[in-house]
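# 3D model of this:
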Amino acid sequence: MKTIGLLGGMSWESTAEYYRIINETVRDRLGALHSAPIVMVSVEFAEIEAMQQAGDWAGAARILVDAAQAVERGGAEFLVIATNTMHKLADAIAAGIAILILHIADATAGAVLTRGLKRVALLGTRFTMEEDFYSGRLREKHGLDVLVPAAEERAVIHRVIYEELCVGRVVEESRAAFLKIIGGLAAKGAEGVILGCTEIGLLVKAADSPLPVFDTARIHALAAVEKAL
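Model prediction:
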């Protein structure tokens, strides 16, 4: 089994889910006492978040490149960046290490295409929804048509992620708001919804949604297991 490199802490709430899903899946696949060999570095999210808000992506890149290099030195054979938003810096991180990055958007697109879908809604931080590093990759590399919520809805999603989910709060009113947004995107032709922030899966479950749900944290963690095995 290959050693998985996990760059986490953005936030630790979803990184904990990665760790759980990876190890539960390895146990289920291999049985008994099997677990995944993982080298993990978990960064200080308050520092990263302040840089996001200030637009200091160069400063954030320095932190994440250092962290990725530490993961590589620890013996990881490939890297999983356990966040959607910070894949904005995937190219900078890749340039600083020799091991492969298992890109979250590629894993997610694979899951969408396996279901035979082509038009998907994308929820995430405002960076993920409004910039092109994520939706552009889905369109250009995988041929998906991507819909994002309206501006006021994007503001709600962004606030809930940072003020609630990243600090471990799951609020019923926020779940209802997300489901309303998903319903609106379904009415506009979305065939599925990508939970393009690794914390959203803590709030929105497949059973809740009017559309098929693609939980990027789970998809990415399962892709890491496949590569490791």
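# Report pLDDT for the residue of the chain most remote from its centre.
Distance from the C-alpha centroid of the chain, by Cα atoms, centre = their mean, peaks at A32 (29.1 Å). pLDDT for A32: 90.
# For the remainder of this discussion, apply numbering that starts at 259.
With the count now opening at 259, the last piece we talked about shows up as A290.
# Just want to check the distance between it and C455.
35 Å (Cβ to Cβ, to the nearest Å). Heads up, the C-betas are built off the backbone N, CA and C, glycines and all.
# How is this structure partitioned into domains?
Each domain of the chain is listed here as a residue range: 262-361+477-486, 363-473, per automatic domain parsing.
# Just the CA coordinates for the helix or strand hosting K399, please, in PDB.
Taking DSSP states H and E as the criterion, K399 maps to helix 390-400. Output of helix 390-400 as PDB, limited to C-alpha atoms (Å, rounded to 0.1, in the frame of the first residue of the first chain):
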ATOM      1  CA  ASP A 390     -12.000  30.100 -12.400                       C
ATOM      2  CA  PHE A 391      -9.400  27.700 -10.800                       C
ATOM      3  CA  TYR A 392     -12.000  25.200  -9.900                       C
ATOM      4  CA  SER A 393     -15.000  25.600 -12.300                       C
ATOM      5  CA  GLY A 394     -12.600  26.300 -15.200                       C
ATOM      6  CA  ARG A 395     -10.900  23.000 -14.600                       C
ATOM      7  CA  LEU A 396     -14.200  21.200 -14.500                       C
ATOM      8  CA  ARG A 397     -15.200  22.800 -17.800                       C
ATOM      9  CA  GLU A 398     -12.000  22.700 -19.700                       C
ATOM     10  CA  LYS A 399     -10.500  19.400 -18.600                       C
ATOM     11  CA  HIS A 400     -13.700  17.400 -18.000                       C
END
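# on contacts alone, who are the packing partners of the lengthiest helix in the chain?
Identified as the longest helix of the chain according to DSSP state H is helix 270-288. Contacting helix 270-288 under the criterion 3 or more Cβ pairs under 8 Å, 6 or more residues apart in numbering; DSSP states H and E are the following elements: strand 262-266, strand 296-300, helix 474-486.
# got the angle for the longest one vs strand 262-266?
The reference is to helix 474-486. 160 degrees (axes from the mean of the first three to the mean of the last three Cα atoms, to 10 degrees).
# helices and strands around helix 474-486, which ones?
Using 3+ Cβ pairs under 8 Å, 6+ apart, the elements in contact with helix 474-486 are strand 262-266, helix 270-288, strand 336-339, helix 362-372, strand 450-453.
# can you rerun that using 6 Å?
helix 270-288, helix 362-372 (3 or more Cβ pairs under 6 Å, 6 or more residues apart in numbering; DSSP states H and E).
# Now do the end-to-end distance for stretch 392-410.
20 Å (Cα to Cα, to the nearest Å).
# next one: stretch 379-396
For stretch 379-396, the end-to-end distance is 11 Å (Cα to Cα).
# Residues in contact with that stretch: which ones?
342-343, 346, 363, 367, 402, 404-406, 412, 415-416, 419, 443, 448, 451-455, 458 (Cβ atoms under 6 Å, 6 or more residues apart in numbering).
# Okay, angle between the longest helix of the chain and strand 262-266 too, please.
Relative orientation of helix 270-288 and strand 262-266, computed by the same axes, to 10 degrees: 160 degrees.
# just to revisit the earlier point, buried residues in the helix holding K399?
391-393, 395-396, 400 (16 or more other Cβ atoms under 10 Å).
# mind putting these in a markdown table, pLDDT and distance to H478 included?
What follows is those, written out as a markdown table (pLDDT from 0 to 100; distance: Cβ to Cβ, whole Å):
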| residue | pLDDT | distance to H478 |
| --- | --- | --- |
| F391 | 97 | 16 |
| Y392 | 97 | 13 |
| S393 | 97 | 17 |
| R395 | 98 | 14 |
| L396 | 98 | 14 |
| H400 | 98 | 15 |
